[in-house]
Every structure is written in structure tokens, then in C-alpha cells.
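*Asks:* what's the 3D shape of this:
(one chain, ligands or ions: 2)
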Amino acid sequence: VTEGPGAADSEARATLHRIFGYEAFRGEQQAIIEHVVAGGDALVLMPTGGGKSLCYQIPALVRPGTGVVISPLIALMQDQVDALRALGVRAGFINSTLDFDERRMVEAEFLAGELDLLYLAPERLRLDATRDLLSRGKISVFAIDEAHCVSQWGHDFRPDYLTLSLLGERWPDVPRIALTATATRATHEEITQRLNLPTARHFVASFDRPNIQYRIVPKADPKKQLLAFLREEHAGDAGIVYCLSRNSVERTAEFLTANGVEAVPYHAGLDGATRAAHQSRFLREDGLVVVATIAFGMGIDKPDVRFVAHLDLPKSIEGYYQETGRAGRDGLPSTAWMAYGLNDVIQQRKLIQSGEGDEAFRRRAASHLDAMLALCETAQCRRGQLLAYFGQDPDTAACGNCDTCLTPPETWDGTVAAQKALSTVVRLQRERGQKFGATQIVDILLGKRTGKVIQFDHDQLSVFGIGEDLTEGEWRGVIRQLLAQGLLAVEGEYGTLVLTEASGSVLRREREVPLRKEPKKPAASRSRSAG
Ligand code: ADP
Ligand code: ZN
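*Replies:* Ligands and ions are numbered 1, 2, ... in the order given. Down below sits the predicted model:
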């Protein structure tokens, strides 16, 4: 090995060719690897599929000692280690799935300096035994994967990650590299602070996925809309359909299969063997659709996923980006399609209210949801809004490859409609003890004498029938947008609609309410025209 400047660089490149068989580094991989090989700390923000693994695997191979990788993805460790071993890399893992003898063997290999990479679950580091073990061997680099798990802002916060700040104190000479695919500015700061990485160099890759076409359509009959979308644009393609509940996962998978689209369910309620079988079919077969809860996908590396569809609203933009990001890793045109409606908003708001966690937790969940709703309701370029959320300036004002760019939505002055809806909510709010949701409001506005309208004498209200100029679908759209804009709120387990502080300014005619026009029928799907 030659010493001197450039030696580390060429050694990294040689490892890239020799071990991994790749031609060239991608994006910032080279700069990151050089920095870490030279002993520097790094924070790497790179979208899923961007190639984060090499950023710590190559330093681990180039520097003397074992690279210790902290990863929460226990279920994937075996696969990762097998894949590395197949390349001739000496890799092992320690997690709760190993029995005593297996663990002993890995520990012995580590102590003998026979491991290039050792994967550890974060909870292992809480154990003195693990820390002692690490102290007795030689460590080349610490890699903290899925580093957003340290963040209270992230969508999968893990208390075990908080103990990782000790690594820097106990091993001050070992470089640390923290990696994540989901990071807003607030999350970067929290990672830097909580992992105690004040001098880490930040490497921020572009979050743009230009080959993914983003589309969000109004939800009418979601399963049928999905089927039409698949038939018209993705017949025979592999893809993932995300649903919120296990029940809707099952029903959607059955519906697709019954209609000639081969689909399998995946959720935490299925036994491990079934889950593993469905996952490996998805990876191996062409054109299989997996219908899943968000339990599916972490670490899945299938390059030719042509679409990701959401039948329910994700809880945050981080979640939406990560899930949609599983489409099109091969760079070919792919679609991120979502059906979204009034019930999604009400359901998510109710979940936050009735969910666990303290007030601060709820406020955070609500602000995540608000950002997601703003993305759904925007009349601007969706890509631009996504990138702005991650703190990145878009290249152009309009990307030309999202629904709002392809078919700019019409907007209308919804001020009077908003006043009518809010006035109706006020009338019902006065009826102490009675709780009414969106359906009753819409029935009253439309002047419908339903059983429940007659029962409560709501046909006697002055607002009864004042909304006959709009259709039922349009009123649901108005209410959905008022909820998204914070001009209405949801209360209690029945999803009662109530006014917010901001509602007053609309009722007093102090502000206008621009609204997106609801398409007459669910947006007609376009031909595949990305790129
Ligand atoms: P991430 O962890 O950021 O989601 P991975 O590290 O799993 O991404 O990499 C995604 C895919 O890209 C993998 O199949 C990996 O082998 C491939 N890859 C990474 N870097 C390169 C490169 N420099 N050249 C070619 N393929 C690469
Ligand atoms: Zn756009």
C-alpha cells in the first residue's frame, strides 16, 4: 500500500471495483468515503436508494479494524450479512435472533480481528457486556443507520438511539457516520445534537426523484379507482399499495386478485412465514402487487417497482416520501399515486386526538399531518412543495411531472361557501350534548330531509337548504379543505366538526377562502409520460 495523499482515495476506488463490482461512485459517495476514511465524522442525508451503505462499508474495509453498524432493522441483518459474505466481505451480526453459541462465535471473530463489518441492534449498546466486548476489539468506524430514529420529530423514534451519544465519549478516535433518508432541517439539528456530532461534516444529497410522477386524486371509490389506475397505466407491473389497516389490506388484496391483478397482503398480523413468503415473491417475481401496511418496505431493495399507491393518507410527509421513494429506483418512469378524501382528514385528526402521548407529542403529530394535508391540497407543483419541505430549493417552479403541473387545478373563491358551512357548524355547536359530523352538515346544506335531519328538527334551521348550488361531492371538498386549512377542527371520538380560532375571520368576512375546484369526476388517468 502506498502512503501519501490520494492513497485512501485510490484504495476506496479499488474496493468499489474489486469487492462491489461497480464502475464509479454515485453522487457524493466519494467525498463522504474520503472524509470518513480520513477519520472525520459525517452526517449523511440521502434519499432511500441513494447508496448510503457503501458510504460506511468501504471505510470499514479500507480502515484497519471492524466497522460497527448500528441498525434498527433486525429483520434485515441476516440478509445484509449474507449479501456481504457473498461478495467476500467478512461480516457478522449480533441481535436477539442469535442463540448463545452463535453469538459467542461472532464475538470471537470480532475479537480476533476477523470481521470487516459487525451489525448491531441499538438496544445491544445498553448492555455493559456489549460495550466491554467492543472495547476489547479494534473498531474502524461507527455507522449509525436510520439516524432519524433518534429524533422526536421522526416518525419512528426509538429511545435506544439516545444511548448512542456515548459512542463519541467512549471511542473519541473512531470516526462516526450517521445516515438517514428522511430529514428535515429540524431533524438534522436534532441528530447532530443528540448523537453529539457537533463537528460532523454534513453531506446533503438532492431529494428530488425526477422519474417519479406524483399524483393525488380525490377519493370516491378507492378500490375501483386503484383498479382503473393499474389497468390503464400499470398492467403487469410490480408495485406496492399502502393501506392504513390490516383489514383494508386484506380486502384490497382480495379485490385486486378477484379482478385479475395478482396481489398478496402484507401486515404485522400475518405470521412470519407468510410475510417472508410474500416478501420474497415480490422480490423475485415480475409484476406482483403487494398490498401492505407501512410494516412493509423498510430496507426493501427492488429496483423495478413501477408504482406506489396510497389508499389512505400517510401521517407525515416523511412517511409519504419514504414510501413513494420505493418506486423507480432503477431511474425509469414510475408513479406515486394516492387517493385522498374528507374521511382521511377526519380519521387522522381523530387518531391524533384519541391517540397516546402527551400534549407536545400531539402537537407534533398535528403539525406533521398539516404539512401532509397542505401537500394534498396545494394547487402548486407537488414536487416543489415536497422539496421545500425537506429544505431544498426546487430547480424550477413547475416540474412538469406531477398532476398539478400536468393539469393545473382550477381554483375558485370559496368564501361564501365557507361562510355557509361554518354557519351551519355554529348552529349545530349550539345544540349542547349533540354531536354531528360532516355528513349531517352536508345534508343540512343540501336541504335533505334524512331521518337524522328530521329527528333533530334541522330542517327548521335558517341554514337548511342554503347550499343547493353545490353538489354533495363539492360540499365534502369544501369541508375537507376547511379542515386542511385549519378553518374547521375535529373533536371527540365521533368526529364532531367544530370551529377554530381562525374560523371567526371567515364568518366576519375579514378574509377570503380560495379553494381548489373538485374535478367533476375522479381525475382521468393520463398515459405514462414521465421523463
Ligand atoms: P440506501 O441505503 O441509501 O437506500 P443502498 O445503499 O441500499 O441505498 O443502495 C441502493 C442500491 O444502489 C443498491 O442496490 C446498491 O448496490 C446500489 N449502488 C449503490 N452505490 C452504487 C454505485 N456507486 N454504483 C452502482 N450501484 C450502486
Ligand atoms: Zn410539478
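*Asks:* is the longest helix belonging to the chain anywhere near ligand 2?
*Replies:* Secondary structure of the chain per DSSP state H: the longest helix is helix 359-377. No. Applying Cβ under 5 Å from the ion, one finds helix 359-377 out of contact with ligand 2, separated by at least 11.7 Å. For glycine as for every other residue, the C-beta is placed from the backbone atoms N, C-alpha and C.
*Asks:* ok, residue 266 touching residue 272?
*Replies:* No. Contact criterion Cβ atoms under 8 Å: residue 266 and residue 272 do not qualify, at 11.6 Å.
*Asks:* contact partners of the longest helix of the chain?
*Replies:* Helix 359-377 is contacted from outside by 152-153, 155, 216, 313-318, 320, 338, 340, 345, 348-349, 352-353, 355, 357, 382, 385-386, 389, 480-481, 483-486, 516, using Cβ atoms under 8 Å, 6 or more residues apart in numbering.
*Asks:* what values do phi and psi take at the residue of the stretch 101-250 of the chain found nearest ligand 2?
*Replies:* With Cβ to the ion, the shortest gap between the stretch 101-250 of the chain and ligand 2 falls at residue 214, namely 7.1 Å. Main-chain torsions, residue 214, degrees, to the nearest 10: phi -90, psi 130.
*Asks:* I'd say it and residue 336 touch.
*Replies:* Yes. Using Cβ under 8 Å, residue 214 is in contact with residue 336, at 5.0 Å.
*Asks:* give me the common contacts of the two.
*Replies:* residue 324.
*Asks:* can you pull the contacts of residue 388?
*Replies:* Counted by Cβ under 8 Å, 6+ apart, residue 388 has contacts residue 394.
*Asks:* ranges for the strands of the stretch 101-250 of the chain?
*Replies:* 117-120, 139-144, 176-180, 201-204, 212-218, 239-242 (DSSP state E, counting those that start in this stretch).
*Asks:* could you check the first one against ligand 1 for contacts?
*Replies:* No. If you take Cβ under 6 Å from any ligand atom as the test, strand 117-120 misses ligand 1, and the best it gets is 13.2 Å.
*Asks:* before we move on, back to that, more neighbours: which of residue 266 and residue 272?
*Replies:* Just comparing residue 266 and residue 272: by other Cβ atoms under 10 Å the higher neighbour count belongs to residue 266, 23 against 9.
*Asks:* what does the more buried one show for phi and psi?
*Replies:* The phi and psi values for residue 266, taken as degrees, to the nearest 10, are phi -150, psi 120.
*Asks:* tell me the secondary structure at the most centrally placed residue in the chain.
*Replies:* Using Cα atoms, centre = their mean, the residue of the chain that lies closest to the mean C-alpha position is residue 319, 1.6 Å off. State at residue 319, reduced to three classes by DSSP: H, G, I helix; E, B strand; the rest coil: helix.
*Asks:* repeat for the one 4 residues further on
*Replies:* The three-state label given to residue 323 by three-state DSSP is helix.
*Asks:* I'd like the numbering to begin with 24 instead of 1 from here.
*Replies:* Yep, numbering from 24; the last one is residue 346 now.
*Asks:* pretty sure it sits against residue 266.
*Replies:* No. Using Cβ under 8 Å, residue 346 is not in contact with residue 266; the gap is 11.5 Å.
*Asks:* can you give me the helices for the stretch 274-423 of the chain?
*Replies:* For the stretch 274-423 of the chain, the helices defined by DSSP state H, counting those that start in this stretch occupy 295-307, 340-347, 365-377, 382-400, 405-412.
*Asks:* skipping its backbone neighbours, what lies nearest residue 350 in space?
*Replies:* Distances taken as Cβ to Cβ, 6 or more residues apart in numbering place residue 357 nearest to residue 350, at 4.0 Å, with adjacent residues excluded.
*Asks:* contact partners for that neighbour?
*Replies:* Shown in contact with residue 357 (Cβ under 8 Å, 6+ apart): 234-236, 328-331, 350-351, 553.
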